[in-house]
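Chemist: 3D model of this:
(chains A and B)
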There are 2 protein chains.
Amino acid sequence: MTKRQFRPLPVPSVSVSGYWGDWQDAVCDHTAAILLDRCVEAGMIEQINPEAPSPGIVIPIIHWLGTPQMFWDSDLGKSIETIAYSLYRKPNPALEARADAIIDMYARLQDADGYLNSFFQRIRPEWRWTNLRDFHELYCAGHMIEGAVAYYQATGKRKFLDVMCRMADYCVRKFGRGPGQMRGYCGHEEIELALVRLARVTGNQDYMELAKFFIDERGQAPNFFVEEAIAHNRSPGGVQKKTFEYNQSHLPVREQTKVVGHAVRAMYLYSAMADLATEYNDDTLTGALETLWADLTRKQMYVTGGIGPAEANEGFTDYYDLPNDSAYAETCASVGLVFWASRMLGRRPDREYADIMEQALYNGAITGLSTDGKTFFYDNPLESTGKHHRWTWHACPCCPPNIARLVTSLGSYIYGVADDEIAVHLYAQSEARVELANGARFTLRQETDYPWSGDVAISVSPEQSARFAVSLRIPAWARGATLSLNGMQVPLEALEGGYIRLERDWAPGDRLALSLPLEPRAVRAHPKVRQDAGRTAIMRGPLVYCLEGVDNGAGLNSILLKTGLGAAQTAPVPDLRGAIAIELPVLRELAEEWGDALYADRAPAVREDTARLVPYHLWDNRAPGEMLVWMRQA
Amino acid sequence: MTKRQFRPLPVPSVSVSGYWGDWQDAVCDHTAAILLDRCVEAGMIEQINPEAPSPGIVIPIIHWLGTPQMFWDSDLGKSIETIAYSLYRKPNPALEARADAIIDMYARLQDADGYLNSFFQRIRPEWRWTNLRDFHELYCAGHMIEGAVAYYQATGKRKFLDVMCRMADYCVRKFGRGPGQMRGYCGHEEIELALVRLARVTGNQDYMELAKFFIDERGQAPNFFVEEAIAHNRSPGGVQKKTFEYNQSHLPVREQTKVVGHAVRAMYLYSAMADLATEYNDDTLTGALETLWADLTRKQMYVTGGIGPAEANEGFTDYYDLPNDSAYAETCASVGLVFWASRMLGRRPDREYADIMEQALYNGAITGLSTDGKTFFYDNPLESTGKHHRWTWHACPCCPPNIARLVTSLGSYIYGVADDEIAVHLYAQSEARVELANGARFTLRQETDYPWSGDVAISVSPEQSARFAVSLRIPAWARGATLSLNGMQVPLEALEGGYIRLERDWAPGDRLALSLPLEPRAVRAHPKVRQDAGRTAIMRGPLVYCLEGVDNGAGLNSILLKTGLGAAQTAPVPDLRGAIAIELPVLRELAEEWGDALYADRAPAVREDTARLVPYHLWDNRAPGEMLVWMRQA
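Modeler: As a prediction, this is how the structure comes out:
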């Protein structure tokens, strides 16, 4: 097989409807404007307006190393990115005008040399480039660049893109190994993957090279953050959270083997590494990433695709340490895992990555948004006593725009295209308009009620007959999957990395019918995960299910799952967007018959009962109450 | 039955040997001096020395409302109390001289009007009596009073007692409902129970009345802490931890029905209430206490007698919320529960209180001290992944002297004496010298290897034949207990509050033989305790057992208890002071055969194994490793 590079389709090339269409509508109709409203309320607009008096005191959101939050540019960048994607789906002149106004302010604020960061221009100019480790200066630039790329693609307007190209050009001059250049990198990764996107859309390879520089420099000895601290008379021992692992600068990236530190930072780093592995066909990066991938997904990931169990470092702890009720599992971290997984598909279709991408998308990420698009989860525990609820906003408002931009750009995660191949990574009601480098032009339409149904009708409609490959992911969980092409069964024994690859001359009217069995599955965790010992999670397709108090009353840990799911029934839940619920016969310990004693040398009485499980990502959208993913196994 | 008041025997009246003798030796030989050494290292002695320059800056232990720890007088008070008790057991002129020197410094420091608090005399005189809510001013006086009483009883020296009587006299003038008096009380209860002790030893009823005043005033409207805050231009909304419940000032004490807030504060409050209920025969206090007792022990207590699950408020959370790995369960709180339980026995012998006193003593409290008396637990989780270990000291060093004074005064918790009765609350190798108000004088000797053996030989040896009652506790767990008097079986059907009451003419040579069965018991928690769902704790007599890594290797949550303990074996552990271990056949899930997957739709393989359990209170005295109390039930 020739060396292949797979890149995502641009967002405008894929029209999404059905399940994801509903999510996109929620963002277009509510979230996109809410993001800006909240940024306005937080005072962000005032801070970036070069005509307003320099405020001196700033956004009272969170205190950050003795100053208020200094990374609001990133929130605006992600919000504009969300708005951009939303405009593809639903033109909205009012929203577009608000985004334009913000972009105008940034354009006026930008220094003549291209520098742009409203905190370091308006509030603390003397801190500029003095603390890359903690101050998120390049991180902000990264999110602004991503917003600019998206806004350009959505509206055709170059203004924001040009502004951010000038900032990127400034960075190209500022950072490097040459005389007078800073040989550093950001404590919070993000600029790297943004520069790859900017290089791809502008064709300017300088940006790609700068991304590569940041990646190659990270963790080299002597550690840049130590040098920087000494240069600015700070204690080099004062590394945030006390470790270089916190921001993954403890080793050169190619020597890193363990997923450590702040989870979002790690995901953004690995995403950029994967992009560069694809762009440069760099097996040294791919090798490191494969090791890190196994480390994360085999020892440190919740069944939901949530990652980073600890609030203390917003990140990773020990292997197999996955507490459920105190799980941090930040929405942004699962969004970042989707980013990373999607980029691991850049070198070949492989369900090792795509299955996890789907798992994190449906369970770790989208959980962060309410069905109406108006409220948000920041942390995502797998068990709640009834006190965990969605926020209208968060002290550190990184998650709302992150999940919103993922939802609105979902179309670009469904496919990967190489010169002569399209890989279908996700199943979702949608229509893609594709042009391959080999000249093939076709529409690929998926008709499906996935994830509620496992039946997917795919039509491949080239303008004229053309030779290329269509690779379809057969998820590892889909035992007994079947596929037909124009009515003829296609054997699914010979998969490549979990994909069935159909290379042929495709003609107008070609139809694929894929059937993925969605029988509920009882999943157990590795015996070393002490928090899940003796417990079972129920999955159906890519979805993790949970018990909610609204369906099952109080005391979810009194419910015992019987062995085997043979008696499970499924039925749609009308007040939950028609989601498919699972009903199971269970045993239930009777608290009311136990008596007053707190401890006694007898077991509780039990009775037969029926439990109703709903998809985890839809929890807390109805009445508040308890929630539990890992059920006790009788 | 006549109204009876039971009071403890003074510490010097009971000589302890055997199990508790070993603990007392550890404190006498090591802990007592360590307490002073650590106080010296922390700079406390320097702070109270009136000849030294006023330090201005103070003990760098913990920051407390913007100042260093302001309650070091309490640490010294408890340390002197410990030393006092230790001097009964083992005269130690060097240690006594050190205590005398500290007492001399306090005597010189004391103001002419009797006021004594080194922080508010030496560091922040302007803060005196400005913030009773947070500043521990009366709390410190309380611990100094307790130390003074103990030191007087131990040495016969009156100096410290006189000093603290002058401070108490000052408080009698300062606090009250009269003109010019402060109508307030301390945010951290302690002075109340100390004043009862001082009244009992001096016979000065003013002290008792002041204790009653503090108790009666607490929680009355308008709330004193609000008035105080307003008077000193502080926000009344700034109540520490945001609630009056934190320091139990939310309601008048007789109207309180729920155990809330900071656990140690609550225990000290209820202890004083129980003392006053006894002294004043106050049924309104007793009624409230019975409600609070049921609330604590039926809804909010670990099986270890640990209380206060949350670090955030060092106290109580929701009913049935008893997390094991993050349990705060401060040593001081269980010490406080022993205090409270012992005082609930002031009105009648009742195993409802004595059983819990014993449970908290053996599992919640003594766990805080290493067998060599040199290191300490502050918080007492019921599960550890191997990272929880004893401290040589603690940022807030309240627990080491608290457990040390409890251990060295243990003799006074064994008995309660009324005018014509002695109640045996605890079984422990010991000899008590008793004189009842009715004139009976006798020695009561217990010969026993309790808690390792359940056989207790009790000799009651009056100087001459005398009529009085001996009441023996038959613990609720001791099903099948037997008792003989001079070789004749005594039926145990007719218990009063769980005690067998033997009222007769006792003669020299009378012997009782009590046998308490110590078969291991499998204990389950109330089904509403979600953290213990599907789990079992093993107890033997009053002792909670646990698994330790040193005996069972890693992965204690892979161990499954089989139904029934019929095959349990017991054997002494030589390297753990001869403690009795329990060996059980169990099942064990095999992590090594599971494979790489973090999640899979199959159950882990299991094999037969043997588990060894040791008493929880002795854990972390050998090699470090995991620990688990609540085992999975197969």
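Chemist: where does pLDDT dip in chain A?
Modeler: When residues are selected by pLDDT under 70, those of chain A lie in A:1-3, A:55-68, A:238-242.
Chemist: domain-wise, how is it divided?
Modeler: Domain segmentation of chain A under automatic domain parsing yields A:415-515, A:521-633.
Chemist: residue of the stretch 351-500 of chain A nearest chain B, please.
Modeler: Using Cβ to the nearest Cβ, the single residue of the stretch 351-500 of chain A nearest to chain B is A:Thr385, 7.2 Å away. Yep, even glycine has a C-beta here, placed from its N, CA and C like the rest.
Chemist: can you report phi and psi for that residue?
Modeler: phi -80, psi 0 (degrees, to the nearest 10).
Chemist: next up, the contacts around it.
Modeler: Residues in contact with A:Thr385 (Cβ atoms under 8 Å, 6 or more residues apart in numbering or on different chains) are A:Asp325, A:Glu626, B:Asp318, B:Asp321, B:Arg530.
Chemist: how about the secondary structure of A:Arg343?
Modeler: At A:Arg343, secondary structure determined by DSSP: H, G, I helix; E, B strand; the rest coil is helix.
Chemist: out of the contacts of A:Thr385, which is nearest to B:Gly147?
Modeler: B:Asp321 (35.6 Å; Cβ to Cβ).
Chemist: I'd assumed B:Gly308 was in contact with that closest one.
Modeler: No - applying Cβ atoms under 8 Å, one finds B:Asp321 not in contact with B:Gly308, separated by 11.0 Å.
Chemist: so which of those two has more stuff around it?
Modeler: Each of B:Asp321 and B:Gly308 has its neighbours counted (other Cβ atoms under 10 Å in any protein chain shown); B:Gly308 has more, 31 against 16.
Chemist: so what's that one up against?
Modeler: Listed by Cβ under 8 Å, 6+ apart, the contact partners of B:Gly308 are B:His262, B:Ala263, B:Val264, B:Glu314, B:Gly315, B:Phe316, B:Tyr328, B:Ala329, B:Glu330, B:Ala333.
Chemist: circling back: which of the contacts of A:Thr385 fall within helices?
Modeler: In helices, defined here by DSSP state H, there are no members of the contacts of A:Thr385.
Chemist: a helix runs through A:Arg122, doesn't it?
Modeler: Yes - assessed by three-state DSSP, A:Arg122 belongs to a helix.
Chemist: that one and A:Gln47, how far apart?
Modeler: 6 Å (Cβ to Cβ, to the nearest Å).
Chemist: give me the more crowded residue out of those two.
Modeler: Higher neighbour count among A:Arg122 and A:Gln47: A:Gln47, with 24 against 20, using other Cβ under 10 Å.
Chemist: and the contacts of B:Gly308, which is closest to B:Pro604?
Modeler: Nearest member of these to B:Pro604, counting by Cβ to Cβ, is B:Ala329, at 30.9 Å.
Chemist: need the phi and psi values for that closest one.
Modeler: Per-residue torsions, B:Ala329: phi 40, psi 60 (degrees, to the nearest 10).
Chemist: tell me who's in contact with it.
Modeler: B:Ala329 makes contact with B:Tyr302, B:Thr304, B:Gly306, B:Ile307, B:Gly308, B:Pro309, B:Gly364, B:Asp379, B:Asn380, B:Pro381, B:Leu382, according to Cβ under 8 Å, 6+ apart.
Chemist: out of the residues you listed, which are buried?
Modeler: Buried by 16 or more other Cβ atoms under 10 Å in any protein chain shown: B:Tyr302, B:Thr304, B:Gly306, B:Ile307, B:Gly308, B:Pro309, B:Gly364, B:Asp379, B:Asn380, B:Pro381, B:Leu382, out of the contacts of B:Ala329.
Chemist: closest to B:Trp20 out of the residues you listed?
Modeler: The shortest gap between B:Trp20 and any of the buried ones among the contacts of B:Ala329 belongs to B:Gly364, at 16.0 Å (Cβ to Cβ).
Chemist: state the distance from the closest one to chain A.
Modeler: Relative to chain A, B:Gly364 is positioned 13 Å away (Cβ to the nearest Cβ, to the nearest Å).
Chemist: which of the three states applies to the residue nearest the centre of chain A?
Modeler: In chain A, the centroid-proximal residue (Cα atoms, centre = their mean) is A:Val335; its distance is 1.4 Å. Of the three states, A:Val335 takes helix under three-state DSSP.
Chemist: from A:Asp609, how far out is it?
Modeler: Per Cβ to Cβ, A:Val335 is found 37 Å from A:Asp609.
Chemist: got it, and A:Thr202?
Modeler: 61 Å.
Chemist: likewise for A:Pro451?
Modeler: Taking Cβ to Cβ, one finds A:Pro451 at 27 Å from A:Asp609.
Chemist: from the stretch 151-300 of chain A, which residue is nearest to chain B?
Modeler: A:Arg298 (5.2 Å).
Chemist: okay, and that residue sits in which element?
Modeler: Per DSSP states H and E: A:Arg298 is located in helix A:283-299.
Chemist: then A:Tyr106 would be within a strand, right?
Modeler: No - assessed with three-state DSSP, A:Tyr106 is helix; it does not lie in a strand.
Chemist: surely it meets A:Phe160?
Modeler: Yes - if you go by Cβ under 8 Å, A:Tyr106 and A:Phe160 touch, sitting 7.4 Å apart.
Chemist: tell me the most buried of the domains of chain A?
Modeler: Highest mean neighbour count among those (mean count of other Cβ atoms under 10 Å in any protein chain shown): domain A:521-633, with a mean of 19.
Chemist: does chain B sit close to it?
Modeler: Yes - Domain A:521-633 is in contact with chain B by Cβ under 8 Å from any Cβ of the partner chain, via A:521-530, A:533-534, A:537, A:555-558, A:560, A:589-591, A:594, A:596-604, A:632-633.
Chemist: okay, and the beta partners of A:Leu485?
Modeler: A:Met488, A:Leu512 (DSSP bridges).
Chemist: got the contact list for it?
Modeler: With Cβ under 8 Å, 6+ apart, A:Leu485 has these contacts: A:Leu502, A:Asp510, A:Arg511, A:Leu512.
Chemist: for A:Gly578, same thing?
Modeler: A:Gly578 sits next to A:Trp452, A:Pro572 when contact means Cβ under 8 Å, 6+ apart.
Chemist: check the one 5 residues further on too.
Modeler: Remark: with contacts taken as Cβ under 8 Å, 6+ apart, A:Glu583 is in contact with A:Ala568, A:Gln569, A:Thr570, A:Ala571, A:Thr610, A:Ala611, A:Arg612, A:Leu613.
Chemist: may I have the phi/psi pair for the fifth one?
Modeler: To tie it back to what came earlier, the one meant is A:Thr610. Backbone torsions for A:Thr610, taken as degrees, to the nearest 10, come to phi -120, psi 130.
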